[in-house]
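# curious how this folds, go ahead:
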Amino acid sequence: MACLDKCHCSVDNRRHGSILYNILKNEEHKDSHNSKSRNEDHTGVYGQGCSCGSQKKVSLKSPQVTCKAASAVLMKTLRFVKSVPCFQELPLDDQLLLLRSCWAPLLVLGLAQDKVDFETIETSEPSMLQRILTNRQGGERKLHQEHQHPGALLRNTHEQQHKHTELPSATEIRWIKEFLEKCWSMAISTKEYAYLKGIVLFNPDLPGLHCVQYIQGLQQEAHQALNEHVKMIQRWEHTRFTKLIIVLSLLQSINANAIAELFFRPIIGSVNMDDMLLEMLGAKI
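The predicted structure is shown next:
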């Protein structure tokens, strides 16, 4: 197929270079501590009760500690992606499309694997009247600065953009917490995490991909490898594969912007995640 020719990778040559072999070959961490109990009571993030509570904005309770841990997981995630030969053989455009689409789900999978827990606190936001008044005052200052202080106008524009940053809601954080708890309750192994990452990484449904059929084959291979592994290791648990896929489906409800705002804006400020991922993809990490 033309798609495979463009990728310089063929089906016949994938037996020893398959995702089954390469993902496991490049996983460095041993399967340990996966049976650790996660029975702590986490509060302040689920927004239970009325729907208005679930829409309240939240921020990290300990941003320095949590953001540092999340940044380390992001580095490991990019290192994992770059270590998969089949990913490297894809055209650069396809690599970027896949990475932009899956970096947040892969990060959350990494948080689960490294057992990174966090707490959030409600963050007060200005009322509608306060916003209207602030915007009006900001407009008046902008007109004044356009005539007298061009440099100050640029600084004010940056400040206004930062002020209007959308913090994640309690509902968005609830989805992340629920996913983490599900993973921890299932004691997912290192190999299972690797296969799940492969399923997330190779998403053939993204518009604009060149090697759609090849990427689809890689995802199917990851599904099959996970199923075979579960059957071999968990012979008494016939529903585990299905449960893992159901847990993985929870990632569809996770908002990438919420991930960026929660874990990275407190330490890097207003940075375009696409630009940062592109830089990290080309860097030696």
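# and the chain, what are its domains?
Domain assignment for the chain, taken from automatic domain parsing, gives 47-125+170-285, 126-166.
# so Glu122 bridges to which residues?
Beta-bridge partners recorded for Glu122 (DSSP bridges): Val58.
# out of the domains of the chain, deepest packed?
Among those, domain 47-125+170-285 has the highest mean neighbour count (mean count of other Cβ atoms under 10 Å), at a mean of 17. The way it works is simple: take the backbone N, C-alpha and C, and place the C-beta from them, glycine included.
# just the helices in the stretch 151-285 of the chain please.
Counting by DSSP state H, counting those that start in this stretch, the stretch 151-285 of the chain has helices at residues 170-186, 190-201, 212-233, 240-249, 256-263, 265-268, 273-282.
# redo those as CSV? Include distance to Ser62 and mean pLDDT.
Shown next, in CSV, are the helices of the stretch 151-285 of the chain (distance: least, Cβ to Cβ, whole Å; pLDDT from 0 to 100):
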stretch, distance to Ser62, mean pLDDT
helix 170-186, 14, 92
helix 190-201, 25, 96
helix 212-233, 34, 94
helix 240-249, 26, 94
helix 256-263, 12, 90
helix 265-268, 10, 82
helix 273-282, 22, 78
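# distance check, Trp103 against Gln64.
22 Å (Cβ to Cβ, to the nearest Å).
# hmm, I typed the wrong one, I wanted Leu74.
16 Å.
# just the C-alpha atoms of the helix or strand hosting Thr77, please, in CSV.
Assigned by DSSP states H and E, Thr77 belongs to helix 63-82. Output of helix 63-82 as CSV, limited to C-alpha atoms (Å, rounded to 0.1, in the frame of the first residue of the first chain):
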residue,chain,number,x,y,z
PRO,A,63,1.2,23.4,42.6
GLN,A,64,4.9,23.3,43.1
VAL,A,65,4.9,19.6,44.1
THR,A,66,2.3,18.5,41.7
CYS,A,67,3.5,20.5,38.7
LYS,A,68,7.0,19.1,39.1
ALA,A,69,5.7,15.6,39.2
ALA,A,70,3.5,16.2,36.1
SER,A,71,6.4,17.7,34.2
ALA,A,72,8.5,14.6,35.0
VAL,A,73,5.7,12.4,33.7
LEU,A,74,5.4,14.5,30.5
MET,A,75,9.1,14.1,29.9
LYS,A,76,8.8,10.3,30.4
THR,A,77,5.8,10.3,28.1
LEU,A,78,7.7,12.0,25.3
ARG,A,79,10.7,9.7,25.8
PHE,A,80,8.3,6.7,25.5
VAL,A,81,6.8,8.0,22.3
LYS,A,82,10.1,8.8,20.8
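# average pLDDT for the next helix or strand after that helix, rounded please.
Past helix 63-82, further along toward the C-terminus, the next helix or strand under DSSP H and E is helix 85-88. Throughout helix 85-88, pLDDT has a mean value of 92.
# which strands and helices lie in contact with helix 85-88?
helix 19-26, helix 92-113 (3 or more Cβ pairs under 8 Å, 6 or more residues apart in numbering; DSSP states H and E).
# dihedrals phi and psi, Asp117?
phi -100, psi 160 (degrees, to the nearest 10).
# thinking again about what came up before, Met232: which of the helices and strands packed on helix 85-88 is closest?
Of all the helices and strands packed on helix 85-88, helix 19-26 sits nearest to Met232, with 12.3 Å by Cβ to Cβ.
# got any ranges where the stretch 1-150 of the chain has weak pLDDT?
1-54, 124-150 (pLDDT under 70).
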